[in-house]
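*Asks:* compute the structure for the input listed below.
(one chain, ligands or ions: 1)
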Amino acid sequence: MLLLISPDGVEEALDCAKAAEHLDIIDVKKPDEGSLGANFPWIIREIRDAVPADKPVSATVGDVPYKPGTVAQAALGAVVSGATYIKVGLYGCTTPDQGIEVMRAVVRAVKDHRPEALVVASGYADAHRIGCVNPLALPDIAARSGADAAMLDTAIKDGTRLFDHVPPDVCAEFVRLAHASGRLAALAGSVKQTDLGPLTRIGTDIVGVRGAVCEGGDRNAGRIQPHLVAAFRAEMDRQARGHAAGVPAVN
Ligand SMILES: O=C[C@H](O)COP(=O)(O)O
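*Replies:* I've put the predicted structure just below:
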């Protein structure tokens, strides 16, 4: 399982760089613009220049509306700025067909510019609270649009977590569906260390985290702490060893 950490700017990205050996993907976002809030192109570029070259930089394109042209142009902005994972939060899409239409436009915009970039179609575990597309529709949206990964995050950061909205057995189905069509499965949403056992067992490819590696577990007021990134990775590794040995690690 890969560890994706979401700094909110250059300063936090440099703190991520201090813990670079413990993480896999640096995900640029702007939390004050939403769960998958988009940051400025120059911030993506600065972060790309500031962190180790072997660490992929991801960028969120936003909690986007059902406007394929607008979103495709924003996605191109992210990839031109140096991101190689492009995450789109399908906030304004109420049907799978709308999600597919937006993601097809994004895939074309991104891959025309940089074929090896990975496109991530993200939905929301708490979709029922915001009226957007059902979480289990995301793997099919990813597959039918040519995106590389299906993801879930939570839209409303109110302390509820991924498993409060989509329990582990449903997340397992999400992962199974993504894998059945050759996509990666990424999961996030106030994930804590205690969630890593189930996330490991169901075969999650990427876990996305912010709050759990911020001071005080606070994704807004707290800052990312390199020692918390290291501790989170240590628990991921412990769970992975337990899973490989057929002896699930106890929390
Ligand atoms: O992409 C991952 C998100 O930034 C997760 O943030 P969170 O752990 O604070 O919910």
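
*Asks:* please count neighbours and contacts with C-alpha atoms only from this point.
*Replies:* OK.

*Asks:* give the contact list for Val57.
*Replies:* The contact partners of Val57, taken as CA atoms under 8 Å, 6 or more residues apart in numbering, are 25-28, 47-48, 82-85.

*Asks:* do that again at 10 Å, thanks
*Replies:* 4-6, 24-28, 44-45, 47-49, 51, 79, 82-86 (CA atoms under 10 Å, 6 or more residues apart in numbering).

*Asks:* for it, list each beta-bridge partner.
*Replies:* In this entry, Val57 is beta-bridged to Ile26, by DSSP bridges.

*Asks:* quick one: it from Asp24, how far?
*Replies:* Shown here: Val57 relative to Asp24, a distance of 9 Å by CA to CA, to the nearest Å.

*Asks:* what touches both of the two?
*Replies:* With CA under 10 Å, 6+ apart as the test, Val57 and Asp24 both reach 4-5.

*Asks:* count the neighbours of the residue in the stretch 51-200 of the chain that the ligand sits nearest to for me.
*Replies:* At 3.4 Å from the ligand, Ser190 is the closest residue in the stretch 51-200 of the chain, using CA to the nearest ligand atom. Neighbourhood size, Ser190 [other CA atoms under 10 Å]: 22.

*Asks:* quick check: it touching Lys157?
*Replies:* Yes - between Ser190 and Lys157 there is a contact under CA atoms under 10 Å: 7.6 Å.

*Asks:* identify the contacts common to these two.
*Replies:* In contact with both Ser190 and Lys157: 211, 219, using CA under 10 Å, 6+ apart.

*Asks:* buried set for the helix or strand hosting Asp112?
*Replies:* For Asp112, the host element (DSSP states H and E) is helix 96-113. Residues 96, 98-111 are the ones in helix 96-113 that count as buried (16 or more other CA atoms under 10 Å).

*Asks:* do stretch 176-192 as well
*Replies:* Quick answer for stretch 176-192 (16+ other CA under 10 Å): 176-179, 183-192.

*Asks:* ok, now which ones touch Ala142?
*Replies:* Contact analysis of Ala142 by CA under 10 Å, 6+ apart lists 99-100, 103-104, 107, 119-122, 148-151, 178, 181-184.
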